[in-house]
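**Q** any chance you can model this:
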Amino acid sequence: MTEFKRTAEDLASLEELLGSLGSDSSTPAPEKLATFSTAKGRLEDELSKKVSKFERRLNETDPVSGAPRYGESMTAKVVALGAKHQALLERLPQLEAEITAAVSQHESREAVSAEEARKREVERQQQEDARERVRLAEAEEERRRAVATQSILDRERERLATEAAQSREERQRAAEQEEARLAEDKQTREREAQELASSVAVGAAGVEDGLRRIDDACGGKPAEKKAAVQALQQILRNVASNPEDPRFRRIKRDNENFQRALGRFEGGIQILLSSGFRMQVEEGQTVLVMNEPDLSEDMDGWTEWYKHITEAVERLKMELDERF
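**A** Reported below is the predicted structural model:
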């Protein structure tokens, strides 16, 4: 999705949200004010910057041809976007005043309710105090009757306190041991991930070596190799077809389906690493993650990143066409 389209959709969403705030009578006023404040902040800050950027570009020209940067259609869209943004800004003061007034009314009702609740609580507390006085009198009488066995009760309390302290210490020791185990496991996973990543060649050489390793691991089972190569091709094809979608660039290494098709082959992990994936530890699990370079800030880096992916996809397709 282009930045302009995202900006237009964000503006449309805010327009719908602000419209619903004005007509919604079911949502409490404080919640509406909080929602309004957030929307107002986005509209005045984030979206104002984005809209201004597109409006500035209306006067820019192509440095080679000298033609305007935007064609007639895009120019009309930018002008319409700016007009919608300005209209929303102009709606803010009235809507804010309406919501603020509703908040004041809400607070007044809450104050009345709070006072009534306070009075009920005072009355309830008075009744509770009376019951407590009766209970204390009965307890004192019971205490006097139990004086003869008080020492036994004291020893029992001491025993229970000792057991409770021991139980707490045991739980604490167990928690510390588990924490140490998890920390050690994380360090081990991170070290293994770093060692594997440092041993893998980036690009075509890494893909070729990975295919050889898969071939060696599968031995005389071509169906297993085909399934592994197809799984690799699908993963990298998804990334190449949808580079902006982070769902295709994150894989749990211990996932059952992933392990069955590909993860159990070291060569498969190697090909993913050589194509741009990196291993890291998250909450005790090893995850394969591919970070997309920022196209707007590093065009060369993004192009090289995308090239590795597409070349790997083509090499895997060639492997399937030639071998199966």
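
**Q** I'd say Asn255 and Gly263 touch.
**A** Yes: using Cβ atoms under 8 Å, Asn255 is in contact with Gly263, at 7.3 Å. In this view, the C-beta of every residue, glycine as well, is placed from N, C-alpha and C.

**Q** neighbour-wise, which of those two wins?
**A** Gly263 (22 against 15; other Cβ atoms under 10 Å).

**Q** pLDDT weak spots in the stretch 151-300 of the chain?
**A** 182-201 (pLDDT under 70).

**Q** just for the stretch 1-150 of the chain, where's the confidence low?
**A** 1, 24.

**Q** helices of that one, start to end?
**A** Assigned by DSSP state H, counting those that start in this stretch, the helices in the stretch 1-150 of the chain fall at 3-23, 29-41, 47-57, 72-145, 150-199.

**Q** need those in CSV (columns: distance to Phe248 and mean neighbour count).
**A** Formatted as CSV, the helices of the stretch 1-150 of the chain follow (distance: least, Cβ to Cβ, whole Å; neighbours: other Cβ atoms under 10 Å):
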stretch, distance to Phe248, mean neighbour count
helix 3-23, 19, 14
helix 29-41, 30, 16
helix 47-57, 27, 16
helix 72-145, 30, 12
helix 150-199, 20, 11
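
**Q** just put those helices in a markdown table and tack on distance to Phe277.
**A** Formatted as a markdown table, the helices of the stretch 1-150 of the chain follow (distance: least, Cβ to Cβ, whole Å):
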| stretch | distance to Phe277 |
| --- | --- |
| helix 3-23 | 26 |
| helix 29-41 | 36 |
| helix 47-57 | 32 |
| helix 72-145 | 37 |
| helix 150-199 | 9 |
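
**Q** what sits against the nearest residue to Arg278 once chain neighbours are set aside?
**A** Leaving aside its chain neighbours, Arg278 sits nearest to Val289 (5.7 Å; criterion: Cβ to Cβ, 6 or more residues apart in numbering). Applying Cβ atoms under 8 Å, 6 or more residues apart in numbering, we find Val289 in contact with Arg249, Arg250, Ile251, Phe277, Arg278, Met279, Gln280.

**Q** just want the phi and psi numbers for Arg278.
**A** Per-residue torsions, Arg278: phi -130, psi 150 (degrees, to the nearest 10).

**Q** burial of it, as a residue count?
**A** So Arg278, with other Cβ under 10 Å, has 14 neighbours.

**Q** contacts only, for Asp215.
**A** Lys225, Gly267.

**Q** re earlier: who's the residue nearest to Arg278 bridged to?
**A** Arg250, Arg278 (DSSP bridges).

**Q** phi and psi next, for Gln280.
**A** Dihedral angles (degrees, to the nearest 10) for Gln280: phi -150, psi 160.

**Q** Gln285 now?
**A** phi -120, psi 140.

**Q** doesn't Ile251 make contact with it?
**A** No: at 10.8 Å, Gln285 does not count as touching Ile251 under the criterion of Cβ under 8 Å.
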